[in-house]
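1. Just a sequence and a predicted model for now, questions to come.
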Amino acid sequence: MEDENEHLVAILKNLAAVGNGERKTMKIGRTRQSLQQLETWTSPEVQNHDREVHKFVIIPLGSFEQHGPHAPLGTDTFIGWEICQRLASKLNGVTVPPVWFSVSEEHMDFAGTITIKPETFCDYVSDIIFSLARGGFTKILVLNGHGTNETYFPQIYAKVKEGYKGELNLLLLSYWTALPIKEREYLCSLQWGLHANAFETSVILAIFPSLVRKVKNCSHFPDVSGLDVKDLDAIHFRSLLKNSNGVWGDPSKATLRKGQTLLASIEETLSSYVSGAFQLSGTVVTSETPD
């Protein structure tokens with residue numbers, strides 16, 4: 001009981017420091033909680049926040065979908081959320097809770113997957129952006145962790161341009177955008193796989209190792225004869241993964257050390273990219289893959 005009381009006192013002290021702009025990190029169970037999470041603030045603290053202390057806000061986009069027999073349904077969200085917290089800590093940003101549900105129709109043959117309509121997704125994300133902008137945040141990063149979500153970036157941009165005329169720098173970005181070519185291919189390529197592969201499994205091992213199940217022989221590569229890397233956008237996941245275990249790749253090649261290295265690389269490259277992007281002026285900052 002004494003340990004629990006000390007833990008509670010530490011949490012309350014950390015929460016009390018939010019209004020002073022102090023950057024502290026606390027641990028609750030296995031989840032890293034930080035004073036750079038907007039849900040720990042009060043309304044007056046948001047209204048009076050110092051833009052020089054908390055320079056931008058991050059909206060994590062994820063998914064709730066199957067990732068084979070070995071990785072959790074929340075894989076995309078867990079990875080994106082971890083990266084968002086690292087960026088917020090490194091660049092003096094603040095995060096909001098992630099958008100867990102998105103468009104995952106291609107995985108609906110697998111139990112546990114939750115999908116929502118594209119128009120619902122676009123409206124929902126746009127409304128979050130509008131709310132934060134009206135609350136005084138003029139620099140907003142939407143950081144995506146689920147490939148299909150990229151398809152709807154143009155619609156979200158259009159809604160924001162049409163619906164909000166105030167000061168706003170908006171960046172929609174997938175966390176892999178700034179990765180070097182070699183690491184990007186490890187994440188998503190015909191050679192290494194495109195889903196629940198060694199990349200995603202390694203990163204989840206680095207974040208929540210206990211959530212990765214030990215499953216033998218879960219490697220799976222669908223027949224993609226005649227396809228090339230340039231054809232990836234046209235690949236229909238649902239047809240290629242049907243009657244499989246939901247994996248596209250070889251998760252047995254994943255290691256915790258690889259995951260730690262990948263997270264560090266993502267943090268470094270994204271930090272540089274986002275820092276530069278938010279120095280741009282204009283109503284909307286476009287999201288383009290850097291050379």
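-> Yep, that arrived.

2. mind listing the helices for the stretch 51-200 of the chain?
-> For the stretch 51-200 of the chain, applying DSSP state H, counting those that start in this stretch gives helices covering 75-91, 118-134, 153-163, 181-187, 198-207.

3. can I get these in a markdown table with distance to Leu262, mean pLDDT and mean neighbour count?
-> Every residue, glycine included, has its C-beta placed from N, CA and C. Shown next, in a markdown table, are those (distance: least, Cβ to Cβ, whole Å; pLDDT from 0 to 100; neighbours: other Cβ atoms under 10 Å):
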| stretch | distance to Leu262 | mean pLDDT | mean neighbour count |
| --- | --- | --- | --- |
| helix 75-91 | 10 | 96 | 23 |
| helix 118-134 | 26 | 97 | 17 |
| helix 153-163 | 23 | 96 | 16 |
| helix 181-187 | 7 | 72 | 15 |
| helix 198-207 | 6 | 96 | 25 |
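
4. possible to save those helices as JSON lines with distance to Glu39?
-> JSON lines is the format used below for the helices of the stretch 51-200 of the chain (distance: least, Cβ to Cβ, whole Å):
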{"stretch": "helix 75-91", "distance to Glu39": "13"}
{"stretch": "helix 118-134", "distance to Glu39": "13"}
{"stretch": "helix 153-163", "distance to Glu39": "22"}
{"stretch": "helix 181-187", "distance to Glu39": "29"}
{"stretch": "helix 198-207", "distance to Glu39": "20"}
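
5. Which among those is found nearest to Ser219?
-> Ranking the helices of the stretch 51-200 of the chain by their distance to Ser219 (criterion: Cβ to Cβ) puts helix 198-207 first, at 9.4 Å.

6. pLDDT below threshold where in the stretch 151-291 of the chain?
-> The stretch 151-291 of the chain contains residues with pLDDT under 70 at 186-187, 228-235, 280-291.

7. Now stretch 67-75 - C-alpha only, CSV.
-> In CSV, the C-alpha atoms belonging to stretch 67-75 read as follows (Å, rounded to 0.1, in the frame of the first residue of the first chain):
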residue,chain,number,x,y,z
HIS,A,67,-1.5,-8.8,-37.9
GLY,A,68,-1.2,-12.6,-38.2
PRO,A,69,-1.2,-15.2,-35.4
HIS,A,70,1.8,-13.6,-33.7
ALA,A,71,1.2,-9.8,-33.5
PRO,A,72,-1.6,-7.8,-31.7
LEU,A,73,-4.6,-6.2,-33.5
GLY,A,74,-3.3,-2.8,-32.3
THR,A,75,0.1,-3.1,-34.0
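
8. contact partners of it?
-> 62, 64-66, 76, 78, 100, 112-113, 195-196, 200-201, 204, 208, 211-215, 218, 220, 245-247, 251 (Cβ atoms under 8 Å, 6 or more residues apart in numbering).

9. Just the buried subset of those, written out for ChimeraX, thanks.
-> If you want just the buried ones from these in ChimeraX, going by 16 or more other Cβ atoms under 10 Å, the selection is:
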select :62,64,65,66,76,78,100,113,195,196,200,201,204,208,211,212,218,220,245,246,247,251
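
10. which helix of the protein spans the most residues?
-> Secondary structure of the chain per DSSP state H: the longest helix is helix 256-277.

11. where's that helix relative to the chain centroid, distance-wise?
-> Counting by Cα atoms, centre = their mean, to the nearest Å, helix 256-277 is centred 12 Å from the centre of its parent chain.

12. buried sites along that helix?
-> Of the residues in helix 256-277, those buried (16+ other Cβ under 10 Å) are 256, 258-259, 262-263, 266-267, 269-271, 273-274, 277.

13. and if you look at stretch 145-153?
-> 145-150, 152-153.

14. Grab the nearest non-local neighbour of Asn169.
-> Take Asn169 and drop its neighbours on the chain: the residue closest to it by Cβ to Cβ, 6 or more residues apart in numbering is Lys139, 4.6 Å away.

15. Now do the same contact list for the one you found.
-> Lys139 neighbours (Cβ under 8 Å, 6+ apart): 55-57, 168-169, 278.

16. what do you get if the cut-off is 6 Å, keeping everything else the same?
-> 56, 169, 278 (Cβ atoms under 6 Å, 6 or more residues apart in numbering).

17. Who are the contact partners of the first one?
-> Pointing back at Phe56 there. Counted by Cβ under 6 Å, 6+ apart, Phe56 has contacts 93, 139, 141, 278.
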